[in-house]
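**Student:** Dropping the sequence and predicted coords here.
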Amino acid sequence: MLTALIATMMFKDARPVDTYGLLQAKGNRIVAKDGKPVALQGMSLFWSQWIGKYYTAGTVKWLKDDWKCSIVRAAIAADEGGYLKQPQVELAKAEAVIDAAVKEGIYVIVDWHDHKAEAHTAQSVEFFSAISKKYGKNKNVIYEIYNEPLKVSWKDTIKPYAETVIAAIRKNDPDNLIVVGTPNWSQDVEDVIPNPIKDRNVAYTLHFYAAGHKQYLRDKAQKALNAGIPLVITEWGTVNYDGNGAVDDASTKEWLAFAKKNSLTMCNWSVADKVEGAAVLKPGANTQGNWPASQLTDAGKYVREIIRGWKVR
């Protein structure tokens with residue numbers, strides 16, 4: 001009985017946030033409290049305004065317990081009927097996921113899911129001010145302040161927006177990691193090289209979809225990494241970048257090898273029961289987790305095995 005008790009205590013103490021603590025950008029890596037790189041693996045929820053039914057404590061707990069996720073991502077929609085239209089509704093969804101992640105001891109990315117965030121700066125400041133004021137003392141929280149900018153200038157458009165939002169967050173939270181989107185659907189990460197943001201804990205977003213994004217995008221990412229730019233893959237898919245198609249096993253394996261080599265944290269898109277290749281759930285899957293194999297899509301079964309077999313270090 002004593003052995004079992006010790007084992008239970010060890011499992012409880014091995015919760016990711018307890019183990020790794022505050023995440024920080026150091027050089028071109030994200031490091032734990034001991035200064036060594038970590039590469040977390042987890043899932044992103046779908047656009048909150050469209051498939052918000054999985055923004056539940058049960059889903060987060062199941063992703064931690066069964067899928068072995070060390071991180072989840074709340075994709076809080078800004079436009080398209082999201083926060084701009086119903087701020088309290090979407091804020092509540094973010095808080096539900098953050099509360100669950102804190103309880104389960106895993107990391108949570110709070111994502112401003114927007115393609116034109118520079119046009120919604122005031123609302124973004126309002127949102128992240130509220131989140132950072134309430135949760136800024138929790139090491140679990142990572143702020144992703146711009147999901148996927150379009151083909152706009154890093155220097156003239158994205159960076160000024162980011163500096164404004166970061167300043168608002170830092171009033172409440174001087175420490176936690178902030179991730180900033182990059183031009184062209186968070187692919188042109190090399191644009192940051194000559195003009196990075198001056199903040200001691202900022203990283204930059206890289207997104208890929210394995211069936212459509214191949215070596216050329218890894219080359220762009222490697223260029224940024226070689227220049228000392230820290231990256232986080234806050235969204236990736238096994239299929240085409242439009243969310244459709246079949247799992248591209250060969251390309252996914254190449255991307256996973258790249259991520260492991262460079263200690264890149266990843267969140268797969270997405271926890272949704274939409275009828276599309278990227279969704280990991282079949283229509284009508286339980287909104288509280290507890291998904292048997294029969295409720296998982298081909299992508300869901302595939303990604304679950306990746307996450308369960310992933311080594312953070």
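**Tutor:** Structure's in. What do you need?
**Student:** check which helix or strand covers residue 121.
**Tutor:** Applying DSSP states H and E as the criterion places residue 121 in helix 121-135.
**Student:** Can you give me the buried ones in that helix?
**Tutor:** Residues of helix 121-135 classed as buried under the neighbour-count rule (16 or more other CB atoms under 10 Å) are 123-125, 127-128, 130-132, 134-135. Just so you know, the C-beta spots here come from the backbone N, C-alpha and C atoms, and that holds for glycine as well.
**Student:** these two touch, right, residue 51 and residue 273?
**Tutor:** Yes - using CB atoms under 8 Å, residue 51 is in contact with residue 273, at 7.1 Å.
**Student:** Find residues that contact each of the two.
**Tutor:** Counting by CB atoms under 8 Å, 6 or more residues apart in numbering, residue 51 and residue 273 have no common neighbour.
**Student:** residues near residue 215, how many?
**Tutor:** Neighbour count for residue 215, taken as other CB atoms under 10 Å: 11.
**Student:** hang on, the earlier thing: save the buried residues of helix 121-135 as TSV, and put in pLDDT and distance to residue 113 too.
**Tutor:** Below are the buried residues of helix 121-135 laid out as TSV (pLDDT from 0 to 100; distance: CB to CB, whole Å):
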residue	pLDDT	distance to residue 113
123	98	13
124	98	11
125	99	16
127	99	11
128	99	13
130	98	16
131	99	14
132	98	18
134	98	19
135	98	18
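**Student:** For residue 46, state which of these is nearest.
**Tutor:** Nearest to residue 46, judged by CB to CB, of these is residue 127 at 18.3 Å.
**Student:** got a list of what the closest residue to that closest one other than its chain neighbours touches?
**Tutor:** Among residues not flanking residue 127 along the chain, residue 83 sits closest, at 6.0 Å (CB to CB, 6 or more residues apart in numbering). Residues counted as contacts of residue 83 (CB under 8 Å, 6+ apart) are 76-77, 90-91, 123, 127.
**Student:** Any figure for the gap between residue 83 and residue 164?
**Tutor:** Computed as CB to CB, to the nearest Å, the residue 83 to residue 164 distance reads 17 Å.
**Student:** And residue 92, by the same measure?
**Tutor:** According to CB to CB, residue 92 and residue 164 sit 25 Å apart.
**Student:** try residue 107
**Tutor:** 25 Å.
**Student:** Please identify which of the two sits among more neighbours.
**Tutor:** Per other CB under 10 Å, whichever of residue 107 and residue 164 has more neighbours is residue 107, with 26 against 15.
**Student:** And what about the residue positioned nearest the centre of the chain, helix, strand or coil?
**Tutor:** Geometric centre of the chain, nearest residue: residue 234, 3.6 Å, by CA atoms, centre = their mean. Classification of residue 234 using DSSP: H, G, I helix; E, B strand; the rest coil returns strand.
**Student:** Just the strands from this structure, written as ranges.
**Tutor:** 24-26, 29-31, 41-45, 71-77, 107-113, 141-144, 178-180, 202-209, 231-237, 266-271 (DSSP state E).
**Student:** What is the distance between the helix holding residue 121 and the centre of its chain?
**Tutor:** Relative to the chain's own centre, helix 121-135 is displaced by 18 Å; criterion: CA atoms, centre = their mean, to the nearest Å.
**Student:** same check, this time on stretch 169-177
**Tutor:** 18 Å.
**Student:** Backbone dihedrals for residue 188, both of them.
**Tutor:** Backbone dihedrals for residue 188, given as degrees, to the nearest 10, come out at phi -80, psi 60.
**Student:** if I pick it, what's in contact with it?
**Tutor:** Counting by CB under 8 Å, 6+ apart, residue 188 makes contact with 154, 182, 220.
**Student:** My guess is the first one contacts residue 189. True?
**Tutor:** No - the criterion here is CB under 8 Å, and residue 154 misses it with residue 189 at 9.4 Å.
**Student:** So for these two, which residues contact both of them?
**Tutor:** Common neighbours of residue 154 and residue 189 (criterion: CB under 8 Å, 6+ apart): residue 182.
**Student:** How far does stretch 19-31 stretch from one end to the other?
**Tutor:** 12 Å (CA to CA, to the nearest Å).
**Student:** Go through it and flag the buried ones.
**Tutor:** Within stretch 19-31, the residues that count as buried by 16+ other CB under 10 Å are 19-20, 23-25, 28-31.
**Student:** Run through who's touching that stretch.
**Tutor:** Around stretch 19-31, the neighbours that count as contacts under CB under 8 Å, 6+ apart are 13, 32-35, 37-39, 107, 139, 142, 175-177, 200-203, 224-232, 262-263, 265, 312.
**Student:** ok so, going back, the residue nearest to the centre of the chain and residue 282: what is the separation?
**Tutor:** From residue 234 to residue 282 the distance is 25 Å (CB to CB).
**Student:** Tally up the residues packed near the closest residue to residue 260 other than its chain neighbours, please.
**Tutor:** Excluding its sequence neighbours, the residue lying closest to residue 260 (CB to CB, 6+ apart) is residue 39, at 6.7 Å. As a burial measure, residue 39 scores 21 neighbours (other CB under 10 Å).
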